[in-house]
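# Pasted the sequence and its predicted model underneath.
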Amino acid sequence: MGAFTMTLKLAFRNLLRNKRRSIAILLTIVAGTSSLFLFDGFNTGIMNQYRENTIHARYGYGQINTKGYHAKVYEEPWEHWIDDADSVLQSIREIPEVTHVFPRIEFYGLLNNGQISLSGKGQGIDGPSEAAFFNTLNIVAGKALSDEPDGLVLGQGLANSLNAKVGDHITLLANTIYASINGVDLVVTGIFHTGAKEFDDVVFRLPLKLSQELLDTDKIEKIALGLDELSSWDRVADKITTKNAELEAIPFAVLDKVTPNKYSTHYSCVIRTLYFGRNG
C-alpha cells in the first residue's frame with residue numbers, strides 16, 4: 001500500500017511540475033473523446049434516417065413470401081406465389097402490431113409509347129394504401145399511384161429513356177403465367193426517383209388488380225408490411241410463420257442490401273439517399 005501511495009504522489013507531482021503541458025494533454029484527451037462520441041452520433045443519425053427513408057420508399061419493415069422464395073430463382077416463379085391471398089392478408093391484418101399490409105406482384109414487361117419500346121420491371125401494388133405509407137418516394141412529376149384503374153408511375157431514368165411525361169399513353173406487354181402474350185393500355189400519372197439509379201432506370205408501378213389481369217392470375221407474390229415500430233418485427237414474424245408454416249418473413253435489413261449492417265457496408269448509398277432527400 002505504501003508503494004502505491006508513493007507512486008500516486010510521484011504521478012501528481014509530475015503533472016503539477018509543468019501545468020501547461022498537463023492541461024494541453026488533458027484538453028487533447030477531452031477533444032479526442034468528444035470527437036469520437038460526435039462521430040458515433042453522426043453515423044447513428046445517418047443510419048436511422050436512411051433506414052426510415054428506405055422503409056417508407058420501397059420495402060416497408062419487411063415482407064412475407066412463400067418459404068424459400070426470396071433465396072431462389074425459379075423458372076416459373078408464379079408457381080411459388082401466395083395462394084388464397086385474401087385469407088392470408090386477413091390473418092396478417094389481425095396481428096396487433098401490424099398497421100399496414102401491402103400485397104404486391106413483380107414481373108418484367110415491355111413498355112411502348114408508339115415510338116420507343118423498352119423492357120422494365122413492373123410492380124403491381126395497391127395504390128391507395130401504399131400512397132399513405134410510402135411517403136418518402138420522391139415524386140418529381142405528377143403524383144404517386146392512387147385509385148387510377150389504368151395509372152402508371154415510372155422511375156425517372158425509365159421515363160427519360162421513353163421520353164415520357166405525365167399524361168402520356170403507354171402500352172404494356174407481358175407474358176401471362178400460361179406463356180401467352182397479354183397487353184394493357186396505361187396512362188402515366190407520375191414519375192419518381194429514389195436516388196438508386198439501378199432502381200429508377202427499370203422500375204414502373206401499376207395497380208395490383210391490373211397486374212393480375214395482365215398475368216392472368218389471382219395470386220400475389222409477396223406482402224410488404226407496415227408496423228407500429230421497428231422492434232415489433234420479430235414478434236410479428238413469429239406470429240405469421242406460426243399461423244402458416246408455408247410462409248417466411250424477411251426483415252428490412254435483409255431486403256435492403258445497401259444498409260450498413262452485418263449484411264453490407266456500402267456507406268456511399270446512405271449518403272446518396274440523404275443527399276437526394278425526400279423531396280428530390
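Right, received. Where do you want to start?
# leaving aside the residues next to it on the chain, what's closest to Lys143?
Taking C-beta to C-beta, 6 or more residues apart in numbering, and ignoring the residues beside it in sequence, Lys143 has Gly190 as its nearest neighbour in space, at 4.9 Å. Every C-beta, even on glycine, is put in place using the N, C-alpha and C of the backbone.
# same question, Thr176
Closest residue in space to Thr176, ignoring its immediate chain neighbours: Asp216 at 3.9 Å, by C-beta to C-beta, 6+ apart.
# Quickly note the distance from that neighbour to Thr189.
Relative to Thr189, Asp216 is positioned 24 Å away (C-beta to C-beta, to the nearest Å).
# Now the helix or strand harbouring Arg104: buried residues?
Element membership of Arg104 [criterion: DSSP states H and E] is strand 98-112. With burial defined by 16 or more other C-beta atoms under 10 Å, the residues of strand 98-112 counted as buried are Val98, His100, Val101, Phe102, Pro103, Arg104, Ile105, Phe107, Gly109, Leu111, Asn112.
# could I get these as CSV with pLDDT and distance to Ile29?
Formatted as CSV, the entries for the buried residues of strand 98-112 read as follows, by pLDDT from 0 to 100; distance: C-beta to C-beta, whole Å:
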residue, pLDDT, distance to Ile29
Val98, 95, 49
His100, 94, 49
Val101, 95, 53
Phe102, 95, 51
Pro103, 96, 56
Arg104, 96, 53
Ile105, 96, 58
Phe107, 95, 59
Gly109, 96, 62
Leu111, 97, 61
Asn112, 96, 67
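# Dump those residues into a markdown table; add distance to Leu27 as well.
Conversion of the buried residues of strand 98-112 to a markdown table gives the following (distance: C-beta to C-beta, whole Å):
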| residue | distance to Leu27 |
| --- | --- |
| Val98 | 52 |
| His100 | 51 |
| Val101 | 56 |
| Phe102 | 54 |
| Pro103 | 59 |
| Arg104 | 56 |
| Ile105 | 61 |
| Phe107 | 62 |
| Gly109 | 64 |
| Leu111 | 63 |
| Asn112 | 68 |
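# for Ser231, helix, strand, or coil?
Per DSSP: H, G, I helix; E, B strand; the rest coil, the local secondary structure of Ser231 is helix.
# Check the one 4 residues further on too.
When states are read from three-state DSSP, the local structure at Arg235 comes out as helix.
# Doesn't Leu173 belong to a helix?
No: the assignment for Leu173 (three-state DSSP) gives strand, which keeps it out of a helix.
# which residues touch the residue nearest to Lys143?
When the contact criterion is C-beta atoms under 8 Å, 6 or more residues apart in numbering, the partners of Gly190 are Ile139, Ala141, Gly142, Lys143, Ala144, Leu145, Gly151, Val153, Leu154, Val166.
# Which among the residues you listed count as buried?
Buried subset of these (neighbour count, 16+ other C-beta under 10 Å): Ile139, Ala141, Gly142, Ala144, Leu145, Gly151, Val153, Leu154, Val166.
# May I ask you to confirm that the fifth one is in contact with Arg205?
Yes: if you go by C-beta atoms under 8 Å, Leu145 and Arg205 touch, sitting 5.3 Å apart.
# Return every residue with contacts to both of these two.
Contact criterion C-beta under 8 Å, 6+ apart; residues shared by Leu145 and Arg205: Ile125, Gly127, Leu152, Val153.
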